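**Q** this one's structure only:
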């Protein structure tokens, strides 16, 4: 039977040579995030943010997982049993430290050392992140899914086309601007649009792939 950790023990950290090594510390639960962990992580981040002996914060996980997402029992079921107020409070506690990490005053790096699922993407995308070359459990090589970059480019082009063509038709219909004047507006937008929409397009394509066929594929060992 697994002994429940005290709140202060759900996050471990140490500072060495100007680097704060912060770890999810629930290896027996694959480091899934509970309300206790979320509260403690915010305290740790606040304590480290303006320390003069800390220049970089590295977020990792204890054991073989980075984070398996949100704790189904403690974060979801127990909060739901207490009503909507408890659910919203649990969400605020999680989002609070994710937001803090996103606007942190130190360089932040997510060192992904194993499994990362569901809610684990929240803090992951709030940092710069790196992964190990191979999975620490099965030794499979981590690689980007085939077509990831090209798929995002297609989504980007479609979004840019819809925005510029739609905007052109709307301004042509409802404004006194001539076609030439409108082209001076929409052609620069068509050029700059793909740069502005790149991040959103990549995220949208990843979501479509995840919904359609699963984000992770099994690769031959190399």
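**A** That came through, no problem. Since we're looking at a predicted model, the values are computed, not measured.
**Q** what is the rounded mean pLDDT of the helix or strand where residue 186 lies?
**A** Of the helices and strands defined by DSSP states H and E, residue 186 is found in helix 179-196. Helix 179-196 carries an average pLDDT of 83.
**Q** now the helices for the chain?
**A** With DSSP state H, the ranges of helices along the chain come out as 35-49, 78-81, 84-102, 121-124, 148-174, 179-196, 198-212.
**Q** tabulate those (TSV), appending mean neighbour count and distance to residue 6.
**A** For the C-beta atoms, the positions are set from N, CA and C on the backbone; glycine is no exception. As requested, the helices of the chain are arranged in TSV below (neighbours: other CB atoms under 10 Å; distance: least, CB to CB, whole Å):
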stretch	mean neighbour count	distance to residue 6
helix 35-49	19	8
helix 78-81	14	17
helix 84-102	16	17
helix 121-124	19	22
helix 148-174	14	41
helix 179-196	13	46
helix 198-212	14	35
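**Q** show me the contacts for the residue nearest to residue 185 when sequence neighbours are not counted.
**A** Taking CB to CB, 6 or more residues apart in numbering, and ignoring the residues beside it in sequence, residue 185 has residue 171 as its nearest neighbour in space, at 7.3 Å. Contacts here follow CB atoms under 8 Å, 6 or more residues apart in numbering; on that basis residue 171 touches 177, 182, 185.
**Q** helices or strands up against the helix holding residue 186?
**A** Counting by 3 or more CB pairs under 8 Å, 6 or more residues apart in numbering; DSSP states H and E, the packing neighbours recorded for helix 179-196 are helix 148-174.
**Q** on that earlier part again, residue 152: which of the contacts of residue 171 is nearest?
**A** Using CB to CB, the shortest approach to residue 152 within the contacts of residue 171 belongs to residue 185, at 26.0 Å.
**Q** can you give me the pLDDT of residue 132?
**A** pLDDT at residue 132 comes out at 58.
**Q** looking at the protein, which helix or strand does the model trust least?
**A** For the chain, counting by mean pLDDT, DSSP states H and E, strand 128-131 ranks last in confidence among helices and strands (a mean of 59).
**Q** sorry, back to before: turn the helices of the chain into TSV, including distance to residue 111.
**A** Formatted as TSV, the helices of the chain follow (distance: least, CB to CB, whole Å):
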stretch	distance to residue 111
helix 35-49	15
helix 78-81	29
helix 84-102	14
helix 121-124	10
helix 148-174	22
helix 179-196	29
helix 198-212	21
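**Q** is it true that residue 33 touches residue 75?
**A** Yes: with the criterion set as CB atoms under 8 Å, residue 33 and residue 75 qualify as a contacting pair; they are 6.6 Å apart.
**Q** joint contacts of the two?
**A** Overlap between the contact sets of residue 33 and residue 75, as judged by CB under 8 Å, 6+ apart, is given by 94, 119.
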